[in-house]
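Visitor: got a predicted model here, sequence first, then my questions.
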Amino acid sequence: MAKTDTLFPILEANSVSPLAQRAATAPLDSTGCLTEYRPLESRSIVSKVNSKRGVPFSHAINPYRGCEFGCRYCYARYTHEFLEMRDPQEFERKIYFKQNAAWLLEQELRRMKPGTHIAIGTATDPYQPLERKQRLTRSLLEVFTRVSGFQLGIVTKSALIARDIDLLQQIQQTHRLTVHLTVTTVNTRLARILEPRAPRPDLRIHTVAQMRQAGIRAGVLCSPLMPGITDSRSSIAAVAKAAKGAGASFFAAAPLFLKPCSLPTFFSFVREHFPQQLTAYEKRYGTHAFVSPEYSKRIAAVVDSVCREFRLGKRYSGEPEAEQVRMKEVERVEIQPWLPFAAS
């Protein structure tokens, strides 16, 4: 058992939440490069979503706390604050995996209404490196193969999801399933400094092609769009072109929003790699987490134009018949062979 007085000196008896106390006493399971992995005793695996962003799902599942990919813009760093961890780097260096995840899911699904929209991977990537060993996400998918009637969405940056194509094919027979691969840029050099430990963009696009060839509804999220970095029409169009080549069911993109917990990490990234943009970012996000309505409207018009140019579908069509048409189209599309993107 790890010594909590040295691991988390901030924690004192009766001063923090039970969740933080469980995290503080979690034994060390294993380590990676600058990363610790620990089990976390959990009492629930499905959380109710209360968001002002107008998200379409009402419930979320995150089998892991913390994410090793280390994306500079990640809004979910705040979740480690519930563990009394204030250093932003701890989010990507202290990863917790939730114990008894599949058993918990089975119990909670019994109390949920058919048609409930559940998103997997809203805060941390369900296919981050630890999933190769722990297989928590796969265990959750196995549970969904034994029930029916839910609307399921999975969001990831990892090619590891292709491992579970067999389960995803089963799931889509009895649920409404959508797989989202996040690709912020096809510039491999930019992706490496922006999302340091996430798989390369070309691997993600190749995974979309694998999903589509397996008959699974899958598309590309080109989010977040970062002003002055990835929000140009040419940058968005390059991702859309790759998505089209993979036979993507849809393409979507939205502007960056910065929670206070994410702002120092992202500003440090901008200061180091895009110093000419720092003043603009400080002005735009210094007091507001979200971009202006005018900027959002302009970006939405660009994304809509790009979707029309490449004939890419909507993320939420709500029309099963439309997807059947897309499936027939993708059978006629020659999926582009896998090739690494140019680094420039």
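Guide: Happy to help now that I have it.
Visitor: now the lengthiest helix in the chain, how far from the centre of its chain.
Guide: Under DSSP state H, the helix in the chain containing the largest number of residues is helix 293-310. The gap between the average C-alpha position of helix 293-310 and the chain average comes to 22 Å, counting by CA atoms, centre = their mean, to the nearest Å.
Visitor: cool, and stretch 215-226?
Guide: When C-alpha coordinates are averaged (CA atoms, centre = their mean), stretch 215-226 and its chain have centres 10 Å apart.
Visitor: just the buried residues of that stretch, please?
Guide: Across stretch 215-226, burial judged by 16 or more other CB atoms under 10 Å covers 216-226. Heads up, the C-betas are built off the backbone N, CA and C, glycines and all.
Visitor: alpha carbons of that stretch, as CSV, please.
Guide: Output of stretch 215-226 as CSV, limited to C-alpha atoms (Å, rounded to 0.1, in the frame of the first residue of the first chain):
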residue,chain,number,x,y,z
GLY,A,215,-20.0,-1.2,-41.5
ILE,A,216,-19.8,0.9,-38.4
ARG,A,217,-21.0,4.5,-38.4
ALA,A,218,-17.9,6.5,-37.7
GLY,A,219,-16.8,10.1,-38.5
VAL,A,220,-14.2,12.8,-37.7
LEU,A,221,-14.3,15.5,-35.1
CYS,A,222,-12.0,18.3,-36.1
SER,A,223,-12.1,19.8,-32.6
PRO,A,224,-11.1,22.0,-31.0
LEU,A,225,-10.5,24.6,-33.6
MET,A,226,-7.8,26.9,-32.2
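Visitor: so for that stretch, mean pLDDT?
Guide: Rounded to a whole number, the mean pLDDT of stretch 215-226 is 98.
Visitor: which residues of the chain score low on pLDDT?
Guide: With pLDDT under 70 as the threshold, the chain has low-confidence stretches at 1-16, 31-32, 51-55, 317-344.
Visitor: quick one, helices of it?
Guide: 4-7, 18-24, 90-93, 101-109, 131-134, 136-144, 165-171, 188-194, 201-213, 233-245, 263-273, 278-285, 293-310, 320-332.
Visitor: any chance of the ones you listed in CSV with distance to Leu152 and mean neighbour count as columns?
Guide: Below are the helices of the chain laid out as CSV (distance: least, CB to CB, whole Å; neighbours: other CB atoms under 10 Å):
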stretch, distance to Leu152, mean neighbour count
helix 4-7, 36, 12
helix 18-24, 26, 18
helix 90-93, 26, 22
helix 101-109, 11, 17
helix 131-134, 17, 16
helix 136-144, 7, 21
helix 165-171, 7, 18
helix 188-194, 27, 17
helix 201-213, 14, 23
helix 233-245, 21, 20
helix 263-273, 30, 16
helix 278-285, 33, 15
helix 293-310, 23, 14
helix 320-332, 14, 12
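Visitor: that concludes my questions; thank you for your assistance.
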